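Model the following, please.
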Amino acid sequence: MITTEDAGCPGRVNVVDVGISDHHLQCCEFSATRVTPPSVPVCSRAWRHLDLELLWSLLSTSRLCQPDDWRDDVDDMAALYNSELTAQLGRILPIRQFVRRQRHSDPWFDKDCRAAKRLTRRLEPSVFCRKSSGHCCDNFRQFRRY
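Below you'll find the model as predicted:
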């Protein structure tokens, strides 16, 4: 019997003849306690729903595009940039708070697997768009939902 570190070793193993050909049944007991990973509150915006045209139009009417409101100090300009961008994003994409539950990771899913998966996800749109004709971005978004 092969187990993972999390499951531990079974305390007692019974082998039962079930009377079907040469098959036998293994019965064992494991500890059912499982450590639940902590939940982390996270604040984020729903970036998928960002309307770029609306953001551009709001920014074009903001103080960022009015040189009379600009100051000579670089720190003041950075503060103006941050405040205006945050305000305009808050109008169209408010910050929402949700709880992110950390998932238990398999021991084999290491940094190499994570990097390969990230590379695959990054390259998927270009491969998918080459194979399809016409509305490749719409097709890709529909493909990724499943």
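
From here on, just use CA atoms for contacts and neighbour counts.
Fine.

how distant is the lengthiest helix in the chain from the center of its chain?
Looking across the chain with DSSP state H, the single longest helix is helix 111-131. Computed by CA atoms, centre = their mean, to the nearest Å, the separation of helix 111-131 from the middle of its chain amounts to 15 Å.

go on, stretch 9-24?
With CA atoms, centre = their mean, you get 42 Å for stretch 9-24.

For stretch 82-90, which outside residues touch it?
By CA atoms under 8 Å, 6 or more residues apart in numbering, the residues outside stretch 82-90 that reach it are 55, 58-59, 62-64.

Helices - which of the residues you listed land there?
55, 58-59.

Would you show me how to pick out the buried ones of these in PyMOL?
Listed next is the PyMOL selection for buried residues among these, using 16 or more other CA atoms under 10 Å:
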select buried, resi 55+58+59
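
my read: residue 17 touches residue 27, true?
No. The pair residue 17 and residue 27 does not pass the contact test of CA atoms under 8 Å, sitting 11.0 Å apart.

And what about the residue positioned nearest the centre of the chain, helix, strand or coil?
Against the mean C-alpha coordinate of the chain, by CA atoms, centre = their mean, the closest residue is residue 100 at 9.9 Å. Three-state assignment for residue 100 (DSSP: H, G, I helix; E, B strand; the rest coil): strand.

Any idea which helix or strand in this protein has the lowest mean pLDDT?
helix 136-145 (a mean of 58; mean pLDDT, DSSP states H and E).

Dump the contacts of stretch 82-90 into CSV; add pLDDT as well.
Formatted as CSV, these follow (pLDDT from 0 to 100):
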residue, pLDDT
55, 92
58, 93
59, 91
62, 90
63, 89
64, 88
